[in-house]
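Engineer: Here's a sequence, model it:
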Amino acid sequence: MPTGVILCSNFNINHLDDTPRKHLLESLLASFNLFSTVNFPTRICNNSGTHIDNIYINTEDCNFSIFPLINDISDHEAQIINLTYTFNFISNRFSSFSRKINKESTLKFKKLLSYENWEDVFVDKDVNTLFNNFLNTYLRIFYACFPIRKETKHKNCKPRLTTGIRISCAK
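Structural biologist: A predicted model of the protein is given here:
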């Protein structure tokens, strides 16, 4: 059975809203190959719902189904995840990771950089601390604006015969 990671928590970030904090969390967890499974409100209170509880998994060899469990103990609904492992010994799929960089995300990046308070970059006398403060701020905004996207593609199983090989085979 393949090994995997399951991360369950109340992250206190509403995944129903499109916020920089949500994108930062998603990017951070995607860098560890962890992806969200919950797509419904997990806390319902006074006719409003939020999605602050989540389950992240890191395995591709797993099909899953997830559903809420109303428990009347808390205003947070429990989540039940059912994992089914499939074994592909010869896989015709591969995953690639990329960042979506376009005009809109670039403008958002510039905007967030301009709103940032850079005081901690200029306060210390140690150059290494100053650089680390700058880099942490810069990367936090970068990862929020340009999150890592996972794409699963199917491999083309056609044999690779070049023109030169075909000519040699014909001779």
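Engineer: dump the residue contacts of the most centrally placed residue in the chain.
Structural biologist: Note on the chain: the residue nearest the mean C-alpha position is residue 30, at 3.3 Å, using Cα atoms, centre = their mean. Applying Cβ atoms under 8 Å, 6 or more residues apart in numbering to residue 30 gives the contacts 97, 147, 148, 149, 150. Glycine gets a C-beta too; all of them are placed from N, C-alpha and C.
Engineer: where in this protein is pLDDT low?
Structural biologist: Scanning the chain with the threshold set as pLDDT under 70 gives 1-3, 39-40, 43, 48, 51, 59-62, 71-72, 74-75, 85-93, 154-161.
Engineer: quick one: the helices in it?
Structural biologist: Taking DSSP state H to define them, one finds helices in the chain at 20-30, 103-115, 119-122, 127-145, 163-170.
Engineer: is it possible to export the ones you listed to CSV including distance to residue 5?
Structural biologist: Formatted as CSV, these follow (distance: least, Cβ to Cβ, whole Å):
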stretch, distance to residue 5
helix 20-30, 10
helix 103-115, 28
helix 119-122, 33
helix 127-145, 20
helix 163-170, 44
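Engineer: Residue 12: which of those is closest?
Structural biologist: When these are compared by Cβ to Cβ, helix 20-30 sits nearest residue 12, at 9.2 Å.
Engineer: buried stuff in the closest one?
Structural biologist: Buried residues in helix 20-30, defined by neighbour count with 16 or more other Cβ atoms under 10 Å: 22, 23, 24, 25, 26, 27, 29, 30.
Engineer: most tightly surrounded among the helices of the chain?
Structural biologist: helix 20-30 (a mean of 18; mean count of other Cβ atoms under 10 Å).
Engineer: Hey, what's the angle from it to helix 103-115? Just curious.
Structural biologist: Counting by axes from the mean of the first three to the mean of the last three Cα atoms, to 10 degrees, helix 20-30 points 110 degrees away from the direction of helix 103-115.
Engineer: could I have helix 20-30 exported to PDB, CA atoms only?
Structural biologist: Extracted in PDB, the C-alpha atoms of helix 20-30 (Å, rounded to 0.1, in the frame of the first residue of the first chain):
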ATOM      1  CA  PRO A  20      -4.300  36.200  -0.400                       C
ATOM      2  CA  ARG A  21      -4.100  34.100   2.800                       C
ATOM      3  CA  LYS A  22      -6.000  31.300   1.100                       C
ATOM      4  CA  HIS A  23      -3.700  31.400  -1.900                       C
ATOM      5  CA  LEU A  24      -0.600  31.500   0.300                       C
ATOM      6  CA  LEU A  25      -1.800  28.400   2.300                       C
ATOM      7  CA  GLU A  26      -2.700  26.600  -1.000                       C
ATOM      8  CA  SER A  27       0.700  27.400  -2.500                       C
ATOM      9  CA  LEU A  28       2.600  26.300   0.700                       C
ATOM     10  CA  LEU A  29       0.800  23.000   0.900                       C
ATOM     11  CA  ALA A  30       1.100  22.400  -2.800                       C
END
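Engineer: No further queries at this time; thank you.
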